[in-house]
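In: sequence-free structure coming up:
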């Protein structure tokens, strides 16, 4: 008898193996897990379907297969009614398998498989998962309203809108089991090619304290536990000013900023910059600036309102100047930024062009002077050497000048061989036009011959803070120069 009973059990398990563990399947589900309540004889499943686009209707599919994969089965489909605690039939199919692909709402679903005297029940809970993230600190045009930012900070806030996912223990209407979901995978990014400013912290309400100088789009992206992703964007129109400027020393050959003759009197390049020294200051890549202020490091400053303006300033005394360039954005914000640089204007130097005052060598004087109106060496001038303006033919032996353009006063007298004055000048070295070979600035030409010069006094500013004048090298400088009327061969 026992032998026949075992054969019957084997026969039943061979032909109807799924009666014990038949299930509903959702091959397209984005996530699945088992329910937390006990279901004797089978396991109920939870299937989560993510909505690709927020608040867009979708249909999902459940399917089941008969235990013997043969026709003759009846599939009775029903959904769970939480008010009554019962499953309500909504469709019936016949065959070896069955599926429903019109499910559009979250609910519990059941299918009863019946064939002859055999039946089985499969259940599953289907959830249409959808949520939305919305940045709340933006207006209808998608921009951050002024209420949420200042020169010091920008506040971004977002909220997540979602629905609870929950199911019931079948037959027990007052018991709800919630499916845990998480929206903690938060990421803030920016669309900003220049990349100025700091990125927000990955939280729903970050405060940004290092703000960008460019208009920047902020993007929040949130992923939930079921790997559903949502994003939102907001545009911050920058009010931050950014200061960036440059400066350039103006050479004495610059006829735009100096009298034209300076290009002749003071041609050549200088290894050092001495007072008085003019500089150009100009805006380069400043951003969002309505006003510009330059502090020159000596108590003086200049305000201008156009980014294309070039400011020219002359430093009358030697010293180290800490220059500050300040930008301010438009009202009512007036966000301030600044940039700094240092300019050194050298102290006066005399002597042999080495920049020191200890040497006793006088400034270089020409040995030959040819005021024959041929354009070369026609005027006895102070000259360091090298080119004069664009004239590459003139050498240091033709002309004379001091190496230091910061000398304020020079007293020079030129005598003929009989001790008679033929030229004299006392004053600012830059205002001296040199000796043109005329006797005491008259129309009479001095004759050819040897002339004797004496530099009696050279003075310059020594201390720019107290504007102290120091006479350098009080001893007389003297020497000889040959005046020729005919061009040299």
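Out: Received, thanks. Remember, predicted model here, so these are calculated numbers, not experimental data.

In: Does residue 204 lie in a helix or a strand, and which?
Out: Using DSSP states H and E, no element contains residue 204; it sits outside every helix and strand.

In: Next up, the contacts around it.
Out: 157, 158, 159, 160, 186, 220 (CB atoms under 8 Å, 6 or more residues apart in numbering). (C-beta placed from N, C-alpha, C; glycine too.)

In: What's the PyMOL syntax to select whichever of those residues are buried?
Out: Here is the PyMOL command that picks out the buried ones among these, judged by 16 or more other CB atoms under 10 Å:
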select buried, resi 157+158+186+220
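
In: between the contacts of residue 204, which is nearest residue 69?
Out: Within the contacts of residue 204, proximity to residue 69 (CB to CB) peaks at residue 160, which comes in at 44.8 Å.

In: now residue 73: how far from residue 114?
Out: According to CB to CB, to the nearest Å, residue 73 stands 7 Å off from residue 114.

In: which one of the two has more residues nearby?
Out: residue 73 (24 against 16; other CB atoms under 10 Å).

In: same for the top strand by length along the chain, what does it pack against?
Out: If you go by DSSP state E, the chain has its longest strand at strand 449-463. If contacts are counted by 3 or more CB pairs under 8 Å, 6 or more residues apart in numbering; DSSP states H and E, strand 449-463 sits against strand 407-415, strand 468-471, strand 477-483.

In: between it and strand 407-415, how big is the angle?
Out: Inter-element angle recorded for strand 449-463 and strand 407-415: 160 degrees (by axes from the mean of the first three to the mean of the last three CA atoms, to 10 degrees).

In: and the angle for strand 449-463 with strand 477-483?
Out: 140 degrees.

In: before we move on, back to that, with distance to residue 98, pLDDT and secondary structure as extra columns, can I get the contacts of residue 204 in CSV?
Out: Formatted as CSV, the contacts of residue 204 follow (distance: CB to CB, whole Å; pLDDT from 0 to 100; DSSP: H, G, I helix; E, B strand; the rest coil):
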residue, distance to residue 98, pLDDT, secondary structure
157, 49, 97, coil
158, 44, 96, strand
159, 42, 96, strand
160, 37, 95, strand
186, 42, 95, strand
220, 43, 97, strand
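
In: between the contacts of residue 204, which is nearest residue 119?
Out: Nearest member of these to residue 119, counting by CB to CB, is residue 160, at 43.9 Å.

In: contacting residues for the closest one?
Out: 131, 132, 133, 183, 204, 222.

In: Tell me which helix or strand the fourth one sits in.
Out: When elements are defined using DSSP H and E, residue 183 is found to belong to no helix and no strand.

In: how near is it to residue 163?
Out: Counting by CB to CB - residue 183 and residue 163 are separated by 12 Å.

In: So which of these two has more stuff around it?
Out: residue 183 (16 against 12).

In: what residue ranges in this protein score low on pLDDT?
Out: 1-22, 259-272, 347-367, 373-408, 430, 460-476, 487-489 (pLDDT under 70).

In: Show me the helices in it, by range?
Out: Secondary structure of the chain (DSSP state H): helices at 2-15, 18-21, 262-265.

In: Deepest in the core, which of the helices and strands packed on strand 449-463 is it.
Out: strand 407-415 (a mean of 18; mean count of other CB atoms under 10 Å).

In: That one - which strands sit beside it in the sheet, and in what orientation?
Out: strand 421-427 (antiparallel), strand 449-463 (antiparallel) (DSSP bridges).
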